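S.K.: Have a look; sequence and predicted model below, questions after that.
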Amino acid sequence: MTAFQSIAVIGAGAWGTALAMVAARAGRSVTLWARNAEHATRIASTRDNPRLPGVRLAPDIVVTSDPAIAARADMLLIATPAQHLRGAVNMLASHLAKHIPVVACAKGIEHGTHKFMTDVIAEAAPHAQPAILSGPSFADDVARGLPTAVTLAASDEALASSLVQALGSPTFRPYHSTDIRGVEIGGAAKNVLAIAVGISVGRKLGASAQAALTTRGFAELTRLGRALGARSETLTGLSGLGDLILSCSSPQSRNFALGLALGRGEQPPAGKLAEGEFTAPVLIELGASQNIELPVSEAVASILSGRSTIDAAISGLMTRPFKAEE
Ligand SMILES: NC(=O)C1=CN([C@@H]2O[C@H](COP(=O)(O)OP(=O)(O)OC[C@H]3O[C@@H](n4cnc5c(N)ncnc54)[C@H](OP(=O)(O)O)[C@@H]3O)[C@@H](O)[C@H]2O)C=CC1
Ligand SMILES: O=C(CO)COP(=O)(O)O
């Protein structure tokens with residue numbers, strides 16, 4: 001018997017919808033909150049969300065745009081884009097019971113503050129218990145019940161383990177952890193690195209370049225992670241290396257797809273959220289503040305901002321001084 005019988009998912013995008021399905025499959029009573037009342041009513045009646053086409057919402061999932069209804073749940077999953085997570089938690093804060101677990105499911109770092117998602121939750125809802133869920137998991141795969149494994153971290157191990165019990169099922173397997181920062185760094189950085197690898201594939205640089213960029217990308221994810229206190233088993237785990245491998249190898253990743261379009265000289269896919277675009281400049285600032293070199297992420301940031309062409313960025317990476325591998 002789980003301590004958390006009811007779960008509200010905040011944000012009815014692709015990921016929020018998939019997570020609502022996960023929670024329903026785990027036997028929880030589920031509320032999905034959409035910011036737009038009309039959108040909520042449409043999803044509730046059609047059981048279909050255009051943000052995740054082809055997936056039929058389980059019949060028992062309640063869809064609402066009322067934050068007070070969502071906040072009655074025993075635990076919350078926040079699945080808005082990273083830059084909107086603070087706004088979503090601010091909106092809910094006055095309705096929340098003390099010590100309610102609030103699980104960040106967004107992947108990113110806040111602009112301006114350089115805060116990771118659980119720090120934002122801790123500021124916006126100081127009486128809540130922040131946690132983070134991240135790992136290799138495409139919303140479409142998860143919603144369809146394909147086998148998926150992720151990491152779920154909270155500072156208290158017993159809480160992390162209870163959250164896993166509440167969400168886990170035979171098709172969705174969360175592993176618990178207390179390394180919140182390690183999990184957050186992996187999810188944020190992999191999106192930026194997936195853009196880099198997408199660019200190289202779009203530019204037809206070959207499978208060897210794809211493997212090299214993914215590996216050197218992992219080296220920089222690890223360098224930053226270590227500097228910020230992440231554990232190496234987290235960085236090599238599902239939320240780090242696992243998600244990096246997924247996002248750097250499949251056009252199903254919107255970040256990879258953005259890079260692919262850039263590399264081919266095409267218009268990026270319209271209306272698709274690619275968090276790496278927003279994370280890249282913050283990641284660079286964070287790296288600089290820690291004296292950590294992040295050449296691949298820097299190349300992505302400079303291409304996205306128009307400071308560099310793709311060819312100049314590739315040449316810049318390949319002509320850096322030779323060095324020992326670390
Ligand atoms: N899709 C995936 O496979 C995965 C996504 N994630 C992460 O989940 C997060 C959300 O991504 P995803 O669901 O795919 O994105 P989508 O673009 O599919 O959906 C984003 C959702 O957030 C809502 N939203 C936007 N701004 C706000 C706001 N200010 N307040 C409340 N809600 C808002 C949008 O509402 P509206 O519909 O009204 O515009 C929309 O429903 C990202 O950080 C992503 O990295 C993590 C793992 C997998
Ligand atoms: O985070 C994800 C898979 O783990 C989804 O990746 P994209 O946001 O790049 O689509």
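M.R.: Yes, it's here. Ligands and ions are numbered 1, 2, ... in the order given.
S.K.: Stretch 282-299 near ligand 1 at all?
M.R.: No - using C-beta under 6 Å from any ligand atom, we find that stretch 282-299 stays clear of ligand 1, coming within 13.3 Å at best. C-beta here means a position set from N, CA and C on the backbone, and glycine is covered the same way.
S.K.: Correction: the previous question concerned stretch 268-280.
M.R.: Yes - Stretch 268-280 reaches ligand 1 (C-beta under 6 Å from any ligand atom) through 273, 275.
S.K.: Show me which residues of the stretch 101-250 of the chain sit near ligand 2.
M.R.: By the rule C-beta under 6 Å from any ligand atom, the part of the stretch 101-250 of the chain lying against ligand 2 is 107, 136, 137, 138, 191, 194, 243, 246, 247.
S.K.: 8 Å instead, please
M.R.: Within the stretch 101-250 of the chain, the positions near ligand 2 by C-beta under 8 Å from any ligand atom are 107, 134-139, 187, 190-191, 194, 243, 246-247.
S.K.: So which of those is the closest to residue 172?
M.R.: Residue 172 lies nearest to residue 137 out of those, by C-beta to C-beta, at 8.4 Å.
S.K.: and stretch 107-114, anywhere near ligand 1?
M.R.: Yes - Stretch 107-114 reaches ligand 1 (C-beta under 8 Å from any ligand atom) through 107, 108.
S.K.: And for stretch 129-138?
M.R.: Yes - applying C-beta under 8 Å from any ligand atom, one finds stretch 129-138 touching ligand 1 at 134, 137, 138.
S.K.: now these in a markdown table, with pLDDT?
M.R.: Below are the residues of stretch 129-138 next to ligand 1 laid out as a markdown table (pLDDT from 0 to 100):
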| residue | pLDDT |
| --- | --- |
| 134 | 98 |
| 137 | 98 |
| 138 | 98 |
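S.K.: top of those residues by neighbour count?
M.R.: residue 134 (29 neighbours; other C-beta atoms under 10 Å).
S.K.: what mean pLDDT would you report for the helix or strand where residue 210 lies?
M.R.: Following DSSP states H and E, one finds residue 210 within helix 207-227. On average, the pLDDT along helix 207-227 is 98.
S.K.: got a list of what residue 90 touches?
M.R.: residue 124 (C-beta atoms under 8 Å, 6 or more residues apart in numbering).
S.K.: right, I mislabeled it, should have said residue 76
M.R.: Counted by C-beta under 8 Å, 6+ apart, residue 76 has contacts 7, 8, 9, 10, 70, 92, 96, 100, 101, 102, 103.
S.K.: Looks to me like it is in a helix.
M.R.: No - counting by DSSP: H, G, I helix; E, B strand; the rest coil, residue 76 is not found in a helix; it is strand.
S.K.: who wins for neighbours among the contacts of residue 76?
M.R.: residue 9 leads these on contacts (other C-beta under 10 Å) with 31 neighbours.
S.K.: Could I get the pLDDT score of that one?
M.R.: For residue 9, pLDDT reads 98.
S.K.: that older thread, tell me which two of the contacts of residue 76 sit farthest apart.
M.R.: Maximum distance among the contacts of residue 76 (C-beta to C-beta): 14.9 Å, for 9 and 96.
S.K.: so where's this structure uncertain?
M.R.: 1 (pLDDT under 70).
S.K.: those strands in it, which residues are they?
M.R.: 6-10, 29-33, 62-64, 75-78, 101-104, 129-134, 148-154, 172-177 (DSSP state E).
S.K.: Can you tell me which helices and strands the longest one packs against?
M.R.: Contact analysis of strand 148-154 by 3 or more C-beta pairs under 8 Å, 6 or more residues apart in numbering; DSSP states H and E lists strand 129-134, helix 157-167, strand 172-177, helix 180-202 as its packing neighbours.
S.K.: Over to the second one?
M.R.: Helices and strands touching strand 29-33, as assessed by 3+ C-beta pairs under 8 Å, 6+ apart, comprise strand 6-10, helix 14-25, strand 62-64, helix 67-70.
S.K.: Return the distance of the third one from the chain's centre.
M.R.: Right, strand 62-64. Offset of strand 62-64 from its chain centre (C-alpha atoms, centre = their mean, to the nearest Å): 23 Å.
S.K.: That strand pairs with which strands?
M.R.: strand 29-33 (parallel) (DSSP bridges).
S.K.: Just want the angle from the strand it pairs with to strand 6-10.
M.R.: Orientation check (axes from the mean of the first three to the mean of the last three C-alpha atoms, to 10 degrees): strand 29-33 against strand 6-10 gives 20 degrees.
S.K.: Quick one: distance of strand 29-33 to the chain centre.
M.R.: Distance, centroid of strand 29-33 to centroid of chain: 20 Å (C-alpha atoms, centre = their mean).
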